[in-house]
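can't give you the sequence, but here's the structure:
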């Protein structure tokens, strides 16, 4: 998203005045503060504030487990241990606040993560800007034929053009009419809280979104996943890059145990054990349903 | 909202087969189960399930406070005591699940209440119906001149007609194009998760929404309030009528202490005390800001 | 725990009067309602109320996923699909309320599960009963030599006897003094909220605890696990048996995917793939730490 | 609580190294960082980290309400407006993490506030210190005669001495036996997770407790209240002093609207209106119960 000169000037000013603090500081995160990371055609993610670093996770664990944690010789080992054993509370000791600009239909998925604090731009009080998400041509995908919630091949030719034209024209017209209804020029002007209902789900909104690291990891695991809708996944991926600089040890453990990890059912464990013992297991004698087997094969061949 | 004959038949069937249970039963709530209460032009609220009754609140309080609660001679007195003293946990012992059909812009306000369980119809998986909220003429209000988030006078004449025409035409066109983009007739058909972005915020969605009585009261206090937007207030009011039949004692206390109650600041208490002592207090010597004084006068004259 | 005749009479009365309801009914759960399941020496778990059944999970999923769920031919397949893909909201549509009597040190672990509603017996208002948890001899274990938070061999002989004597005598004396301080016989009597501080952590308390099925499964996964402390695990196991009767399909999926499942890290996946390809992988060339390798070997040999 | 020289040295070290940050800084809070505020005989509260300041609340509100907030001319007025109208989300944008050392019976009340992150010292992993809360003589109160959960007159003479002796002796003996059971000198030594059950509720524990400002205000409103138990109220009061230095504008609004405010029921409003109109209202014609009237008179005379 192209920032206005005023916005860029504000960011530059926010970044120009370091002040002394006695708090834990993450050098990697300081570099990101206030900087706008562009996402989609008009969206952005930027860090507004944060609390804690890798050391804060270790510190909390050592409070909890006292002398017991002395046995783990280093911070990375302890953090990996905590992640492996699903200890969530030490990761909750870190907090981050993002400013996000995103299409409404993405915001509607995002808000389903309830353990977070949110202040969203209010279209009851204020007038939304004329900005809409229009997919890039390579993201204009057909409905998947095998997955009810997925995408198939990319549309091409006339069909692609028709879709882009419809999306652009309808958004433009909807916004024109939004302004017409609001206008107090020669008329009373419709209430903002009503006029907004004419705007489509690809209009951009923005919010401050604040959460702790444990809940952020949960969000990232679901939304940076290959099955997440592309338009929210790109936000999650931008946030992954930021988190990696903020808490590199915790992010490394998250990457290994969650993003790159696999959950096996009891049946899956059984099948793998049989395979390791040299048996050739088939869909028929696996004890799994067709869907489970297809997913299992996707990972293990 | 006009139910289809199939929907009504399903409701009739759900209501036709009482089964024995050993659980607490609220006679008042049983009469509401599954019945569709119409809200707005195509919306509805209906109860799908519930847990507990007034007795469950009393029972939980008596577990907590043990012999101490014996002193309160009756259930109504105890429930009023709990409400007056902000005891929230006994009210959390009751739970209710609603099926709600509502416009997307209302759903976006509603979902900000985070302590609830939600399953919403997914426009990634499925195709939304062609149903849009169009305000009744008497709800077509101008922007308030004194309140940034409020409504002023009702629009009339040409302006009203223009607004209604725009809302109807834009919604119809947006939905036509939604169908065009989805169509697999002679083309691949755009993915559902993308096509939905063309639909405006007055399209109807639906969800199952489940919460406990304490959090429901919090929702109702904010959303049945005169300052809430009309389009969510009518849902809250329909739910108030249902809750009154479900837990009449708790609802009575809620009505007196919350809906009909007033919060005074320390300054407000001070001003009232001076007035009761016979002093004439003015905006100038009240110690309040203009805004506070205007609101204070609104209640106390 | 031996119920008093009054308590048993109350349970019998609660179970004697079925009433008609239009709500979903779980036959399996009706058999458990109000019945006291003994746990430890004086503890119990019993179901006081519930909402929903396996059908409620399916119903919520079908609302969310609309026509998309038609493809899954049966309820069990759909529920297993939801569990496998970490869909949590349909499971949140079921709710259960337990009455639990448990030692304070167990209650302190239990309460860390925050997404639940609780009404605990208040020792500010009321006087606690003279009941303490004293471990059975076969549970009187030594500190583990390898695990800071685990148990080792069972104590025997004199040492076991000394421990049991100390626990019994100290609890008895503490309670005697609690009563002495509270007594208003010839003295004022200490406030209850102060006197309680003399009671040890094995004194029994009780509460109503209400949660949804998704959060209950999370609780059971952690607390029915072999690494959980025995004294909370026996409560979790009693609840597992109840949940199995309440929602047999959901419990079956939980058992396979969670209780019997295994989480692999990216490194773990890699090692298994190498093994399946015939390679002999050792601790040294596994890329794992000693701790990880030991745990990995524990599952895969 | 007297800090050990090692603890004081650690605090001095933590405070000796300011580092540059681009984040919002609260000068008032920097002065408190890491410093131990003594509470009760061995307890403490200290700030370990924080996020945001008064400006962060205003900033979040301006994101939400956009141009609408321009009308409020200054930060204090806006913060008071937000507090008066129960806008909670802007206050959630500030976060704070405390290290607290407190008796177990206080921890048990405290933990009922669920919207917080906690890492408590684990007595499964580690051995608790020999520290117990023994009330100061002026806090050794009798059971209230009018309030089931309150305190009456202070005990004196022999009774006071007996109580103090019992509390001290029982705590000492319980801890001696805790050590005896744990000892591996000539015996196996009982598991820590079991031995801890012998310790009374006045033993000290400690935790890291992290929450947002909205939820902290809720905690403080209930726990700094005159009806809260003294032993938790002193912690709340210490935190009030810290918060006042951290976010002076928000704390000022909280003090006026919440701590110093009064909630009136609909009946209460009615009675005050009648009084303001010159009528003499009595308990009998007030429409209130005896309890309500007594509380009402307590405020309004």
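Received it, and whenever you're ready, just let me know what you need. Everything numeric in this text was worked out from a predicted model, so none of it was measured.

Pull up the residues of chain A that are close to chain C.
Applying CB under 8 Å from any CB of the partner chain, one finds that chain A approaches chain C through A:65, A:67-68, A:71, A:77, A:80-81, A:84, A:86, A:89, A:148-149, A:222, A:255-257, A:259-269, A:272-273, A:275-276, A:289, A:291-292, A:295, A:299-301. C-beta here means a position set from N, CA and C on the backbone, and glycine is covered the same way.

so after the helix or strand bottoming out on mean pLDDT in chain A, what's the next helix or strand?
Lowest by mean pLDDT, DSSP states H and E among the helices and strands of chain A is helix A:54-65, with a mean of 88. Remark: after helix A:54-65, the chain's next helix or strand is helix A:75-84, criterion DSSP states H and E.

if we can go back for a sec, ok, of the residues of chain A next to chain C, which come out buried?
Taking 16 or more other CB atoms under 10 Å in any protein chain shown as the criterion, what is buried in those is A:65, A:68, A:77, A:80-81, A:84, A:89, A:148-149, A:222, A:255-257, A:261-262, A:264-269, A:272, A:275, A:289, A:292, A:295, A:300.

just to revisit the earlier point, tell me which residues of the least confident helix or strand of chain A come out buried.
A:54, A:56-65.

name the helices or strands packed onto that helix?
If you count contacts as 3 or more CB pairs under 8 Å, 6 or more residues apart in numbering or on different chains; DSSP states H and E, helix A:54-65 packs onto helix A:75-84, helix A:248-254, strand D:117-120, strand D:204-212.

what does it rub up against?
Applying CB atoms under 8 Å, 6 or more residues apart in numbering or on different chains, the set of residues contacting helix A:54-65 from outside is A:24, A:26, A:69, A:75, A:78-79, A:82, A:87, A:89-91, A:93-94, A:213, A:247-250, C:148-149, D:49, D:99, D:119-122, D:125-126, D:206-208.

Quick one: distance of that helix to the chain centre.
Mean-position distance between helix A:54-65 and its chain equals 26 Å (CA atoms, centre = their mean, to the nearest Å).

quick one: that helix to strand D:204-212, angle?
Put simply, helix A:54-65 runs at 140 degrees to strand D:204-212, going by axes from the mean of the first three to the mean of the last three CA atoms, to 10 degrees.

what angle do helix A:54-65 and helix A:75-84 make?
Using the same axes, to 10 degrees: helix A:54-65 against helix A:75-84 is 70 degrees.

what secondary structure does the residue of the stretch 101-250 of chain A found nearest chain C sit in?
Proximity of the stretch 101-250 of chain A to chain C (CB to the nearest CB) peaks at residue A:148, 3.7 Å away. Three-state call for residue A:148 (DSSP: H, G, I helix; E, B strand; the rest coil): coil.

How confident is the prediction for it, by pLDDT?
For residue A:148, the model assigns a pLDDT of 76.

one step back: list buried residues within the contacts of helix A:54-65.
The neighbour-count test (16+ other CB under 10 Å) applied to the contacts of helix A:54-65 identifies A:24, A:26, A:69, A:75, A:78-79, A:82, A:87, A:89-91, A:93-94, A:213, A:247-250, C:148-149, D:49, D:99, D:119-122, D:125-126, D:206-208 as buried.

Low-confidence regions, the stretch 51-200 of chain A specifically.
Scanning the stretch 51-200 of chain A for pLDDT under 70 picks out A:64-73.

Spell out, range by range, the strands that occur in it.
Assigned by DSSP state E, counting those that start in this stretch, the stretch 51-200 of chain A shows strands spanning A:95-103, A:117-120, A:141-143, A:151-154.

Can you tell me which of those strands is nearest to residue B:136?
For the strands of the stretch 51-200 of chain A, distance to residue B:136 was read as CB to CB. The smallest value, 27.7 Å, belongs to strand A:117-120.

The closest one: partners in the sheet, and parallel or antiparallel?
Strand A:117-120 has its sheet partners listed here by DSSP bridges as strand A:204-212 (antiparallel).

How far away from the center of its chain is the partner strand?
Between the centre of strand A:204-212 and the centre of its chain there are 11 Å (CA atoms, centre = their mean).

same check, this time on stretch A:94-106
On CA atoms, centre = their mean, the centre of stretch A:94-106 falls 8 Å from the chain's centre.

Tell me how many other residues crowd residue A:146.
7 (other CB atoms under 10 Å in any protein chain shown).

For residue A:294, see how far away it is.
Going from residue A:146 to residue A:294 by CB to CB, to the nearest Å gives 10 Å.

And residue A:55, by the same measure?
From residue A:55 to residue A:294 the distance is 44 Å (CB to CB).

Not counting sequence-adjacent ones, nearest residue to residue A:98?
residue A:209 (5.0 Å; CB to CB, 6 or more residues apart in numbering or on different chains).

Report the beta-bridge partner residues of the residue in the stretch 201-301 of chain A positioned nearest to chain D.
Closest residue of the stretch 201-301 of chain A to chain D, CB to the nearest CB: residue A:208 (5.3 Å). Beta-bridge partners recorded for residue A:208 (DSSP bridges): residue A:99, residue A:119.

Distance of it relative to residue A:39?
16 Å.

ok, now residue A:146?
Remark: distance between residue A:146 and residue A:39 (CB to CB) = 28 Å.

do the same with residue A:261
26 Å.

just residue A:189 next, same as before
Counting by CB to CB, the gap from residue A:189 to residue A:39 is 34 Å.
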